[in-house]
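Participant: let me see the structure of the following:
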Amino acid sequence: MGGDFSPEQKRYLEGFASGLTVARSGRAQTPGPAAPSGPDAPHLEAQARQEAAGKKLADQEKWKRDEHPFDAYDRLKDQAKKDEFPKPPDNFRWRYYGLFYVAPNQNAYMCRLRIPNGVVTHWQFEALASIADRFAGGYSHVTTRANLQIREIPARHATDVLEAIQDCGLSARHSGADNIRNVTGDATAGFAPNEILDTRPHAREWHFHVQNERLMSGLPRKFNVAFDGGGPIPTLEDTNDIGFQAIEVLPGASVPPGVYFRLVLGGITGHRDLARPTGVALEPGEATKIADAIVRVFIDTGDRTDRAKARLKYVLDKIGFDAFLKLVEDKLGAPLKRVDEAHVAPRPAYDRHGHVDVRPQRQPGLFYIGLVLPVGRLTSDQMREIAKIARDCGDGEIRLTVWQNLLLPGVPEEKLAEAKARIEACGLDWRASSIRAGLVACTGSKGCRFAAADTKGAAQEIAAWCEPRVALDQPVNIHVTGCHNSCAQHYIGDIGLIGARVAEDPQNEDSDKVDGFNVYVGGGFGADGAIGRELLKDVKASDAPRLVEGLLKAYLAQRASPDETFQQFTLSRPVEELQTLAKACL
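Facilitator: Alright, predicted model coming up:
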């Protein structure tokens with residue numbers, strides 16, 4: 001993304017540099033409070049600059065400044081000993097440790113882990129099942145960041161859970177609040193037949209950098225980073241603040257031919273934006289250094305006064321990509337490499353069902369099995385049995401995916417029948433319809449105070465209703481999210497539903513409010529990246545299964561050819577026509 005800076009961008013850069021100079025000069029010449037020092041200084045200086053500009057810090061910024069969460073573990077332990085849940089400032093602080101107090105929906109904590117690249121061993125998975133039984137509700141949720149949540153944790157077990165997780169070689173630190181969340185990577189890294197690059201070492205390096213560099217916590221808002229290696233299962237890196245896409249650069253480019261990461265920035269689908277290309281290509285070994293510089297610029301420039309506008313996207317919208325990348329280069333002390341897309345080889349195609357069923361690995365005679373989870377929920381008994389299957393039939397690893405399911409890799413052909421039978425015996429499956437394979441749902445109102453509907457329940461009802469009535473022959477993703485945080489990323493679904501409270505009787509404004517949804521269609525990711533269009537508002541949850549049925553049947557009956565995707569079908573028609581088709585089953 002080349003070209004000269006606009007006058008507005010130049011003014012922003014000049015003003016930013018001038019502000020730093022004045023602040024430093026003032027600290028050197030004016031008696032008064034000592035300048036911030038230590039690893040938190042850039043955050044404190046950014047807060048001070050915004051206050052000096054006459055702005056009011058968000059409450060969360062004040063809480064961080066009053067007491068850094070990682071300096072407050074003794075108070076968390078004391079609250080646990082007293083069996084006390086936190087007040088709002090500490091509820092925010094404890095999220096730095098991965099603990100979320102989710103009242104009123106559950107009078108309990110939820111603990112979110114960090115599992116870089118979604119890789120966990122069988123013994124760690126079994127240990128997490130025991131933690132869920134000893135200290136929580138006896139189940140876990142697989143998330144859309146290839147991660148796990150342990151739910152229904154009493155206050156008295158808050159630190160028991162955190163320390164038990166560390167005992168098994170995992171962590172929950174930085175997994176909530178204004179931090180860099182679990183790093184996602186290619187789910188089939190290391191065994192996909194056509195992958196460009198194994199993302200595991202790069203995701204792991206970034207994970208440990210975040211864990212051990214204090215400056216990487218306390219950002220203006222949360223921050224997501226993903227690595228996609230070109231494997232068959234989409235990583236959805238274009239929904240992240242930073243996405244690293246493995247590419248093959250061909251001869252004739254401005255850099256030597258070989259494997260690089262393409263840098264994309266600014267994804268945040270809850271705010272209707274996918275990450276956009278920067279033109280930057282970097283050697284894989286540079287990823288952590290460049291991500292660190294990007295985060296440091298975000299620390300300096302992010303909004304600490306308006307939480308709704310505090311994500312990286314809004315910095316990029318304000319100053320532009322060129323100005324932002326210039327600041328990154330200043331942090332690095334070197335220019336970033338650019339590569340023309342004409343010199344980049346086409347990336348391997350995704351397999352939208354690649355996360356379920358039995359699939360061959362590139363290692364001869366070995367397979368991976370994609371398990372179908374009921375919208376990401378696992379009982380502790382199922383976790384133990386999955387761990388045993390991974391140990392007895394596979395290579396001992398379990399891979400979590402961004403599609404709320406998991407893979408069992410390294411299964412030799414002679415062990416496939418046993419593995420399949422044992423998966424079915426514990427109440428799970430390795431097969432899925434085109435509807436259920438692409439079904440994604442966030443926690444919903446049963447466990448999240450922001451959600452306006454029971455998303456997991458609604459998703460299950462949609463699948464149960466549509467499966468016997470619609471014989472799909474193309475993948476269709478249905479994403480059901482509870483609120484505008486969009487944890488289930490409804491805007492990128494073929495069909496996306498976001499929770500809403502709607503009138504039970506639409507003709508009576510005073511009627512009781514019930515679970516409902518606003519419905520979107522035509523979203524996508526990767527090469528088909530798009531933000532869905534709003535189709536209908538205030539659809540009762542009880543009507544959602546028949547509404548989805550109507551859309552899917554209309555697609556099968558009226559598509560231009562058997563190869564036309566659902567996204568292509570919906571994008572080729574005006575919303576008014578799609579509304580009529582959807583309502584046909586109501």
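Participant: what about stretch 309-325, how long is it end to end?
Facilitator: Taking Cα to Cα, to the nearest Å, the first and last residues of stretch 309-325 lie 20 Å apart.
Participant: tell me the spacing between Ile196 and Ser37.
Facilitator: From Ile196 over to Ser37 the distance is 43 Å, taken as Cβ to Cβ, to the nearest Å. In short, each C-beta sits where N, CA and C put it, glycine included.
Participant: likewise for Gly169?
Facilitator: 34 Å.
Participant: how about the contacts made by the residue nearest the centre of the chain?
Facilitator: For the chain, the residue sitting closest to the mean C-alpha position, by Cα atoms, centre = their mean, is Arg145 at 4.2 Å. In this structure, Arg145 makes contact with Arg181, Asn182, Thr184, Asn224, Val402, judged by Cβ atoms under 8 Å, 6 or more residues apart in numbering.
Participant: just curious, which of those residues is nearest to Pro374?
Facilitator: Nearest to Pro374, judged by Cβ to Cβ, of these is Val402 at 17.0 Å.
Participant: where's the closest one, which helix or strand?
Facilitator: Using DSSP states H and E, no element contains Val402; it sits outside every helix and strand.
Participant: number of residues surrounding it?
Facilitator: Counted with other Cβ atoms under 10 Å, residues neighbouring Val402 total 25.
Participant: let me see the contact set for it.
Facilitator: If you count contacts by Cβ under 8 Å, 6+ apart, Val402 has them with Gly118, Thr144, Arg145, Ala146, Thr184, Ala187, Pro234, Thr235, Leu236.
Participant: how about a cut-off of 10 Å?
Facilitator: Neighbouring residues of Val402 by Cβ atoms under 10 Å, 6 or more residues apart in numbering: 118, 142-147, 184-185, 187, 226, 233-237, 239, 355, 440, 489.
Participant: related to what we said a few turns ago, of the contacts of Arg145, which count as buried by neighbour count?
Facilitator: Among the contacts of Arg145, those classed as buried by neighbour count (16 or more other Cβ atoms under 10 Å) are Arg181, Asn182, Thr184, Asn224, Val402.
Participant: distance check, Asn182 against His174.
Facilitator: Spatial separation of Asn182 from His174 under the definition Cβ to Cβ is 9 Å.
Participant: mind listing the strands in the stretch 201-350 of the chain by residue range?
Facilitator: In the stretch 201-350 of the chain, the strands defined using DSSP state E, counting those that start in this stretch lie at 225-228, 242-249, 258-265, 276-282.
Participant: most neighbours per residue, which of those?
Facilitator: Per-stretch averages of neighbours, counted by mean count of other Cβ atoms under 10 Å, single out strand 225-228 among the strands of the stretch 201-350 of the chain, with a mean of 30.
Participant: hey, C-alpha coordinates of that one in CSV?
Facilitator: What follows is strand 225-228 as a C-alpha-only set of coordinates in CSV (Å, rounded to 0.1, in the frame of the first residue of the first chain):
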residue,chain,number,x,y,z
VAL,A,225,-3.1,-12.7,16.2
ALA,A,226,-3.4,-15.7,13.8
PHE,A,227,-1.0,-17.7,11.6
ASP,A,228,-2.3,-19.5,8.5
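Participant: which elements pack onto it?
Facilitator: Under the contact definition 3 or more Cβ pairs under 10 Å, 6 or more residues apart in numbering; DSSP states H and E, strand 225-228 sits against helix 200-212, strand 242-249, strand 258-265, helix 287-301.
Participant: minimum distance to Pro335: which of those has it?
Facilitator: When the helices and strands packed on strand 225-228 are ranked by distance to Pro335, counting by Cβ to Cβ, first place goes to helix 287-301 at 11.7 Å.
Participant: what residues of the closest one count as buried?
Facilitator: Neighbour-count burial for helix 287-301 flags 287-288, 290-301 (criterion: 16+ other Cβ under 10 Å).
Participant: and stretch 493-511, by the same measure?
Facilitator: Under 16+ other Cβ under 10 Å, the buried positions of stretch 493-511 are Gly493, Asp494, Ile495, Gly496, Leu497, Ile498, Gly499, Ala500, Val502, Ala503.
Participant: and which of the residues you listed is nearest to Asp528?
Facilitator: Nearest to Asp528 among those is Asp494, at 9.8 Å by Cβ to Cβ.
Participant: pretty sure Gly550 sits against Cys585.
Facilitator: Yes: in this structure, Gly550 sits in contact with Cys585. The criterion is Cβ atoms under 10 Å, and the distance is 3.5 Å.
Participant: about what we covered before: joint contacts of Asn182 and His174?
Facilitator: Shared between the contact lists of Asn182 and His174 (criterion: Cβ under 10 Å, 6+ apart) are residues Gly98, Arg112, Arg114, His207, Val210.
Participant: give me phi/psi at Arg272?
Facilitator: Backbone torsions of Arg272, given as degrees, to the nearest 10, read phi 60, psi 40.
Participant: that one reaches Ile498, doesn't it?
Facilitator: No: Arg272 lies out of contact with Ile498 (Cβ under 10 Å); the separation is 11.8 Å.
Participant: shared neighbours, these two?
Facilitator: Ser486, Tyr491.
Participant: with mean pLDDT and distance to Ala72 added, can I get the strands of the stretch 201-350 of the chain in TSV?
Facilitator: Formatted as TSV, the entries for these read as follows, by pLDDT from 0 to 100; distance: least, Cβ to Cβ, whole Å:
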stretch	mean pLDDT	distance to Ala72
strand 225-228	98	26
strand 242-249	98	29
strand 258-265	98	33
strand 276-282	97	37
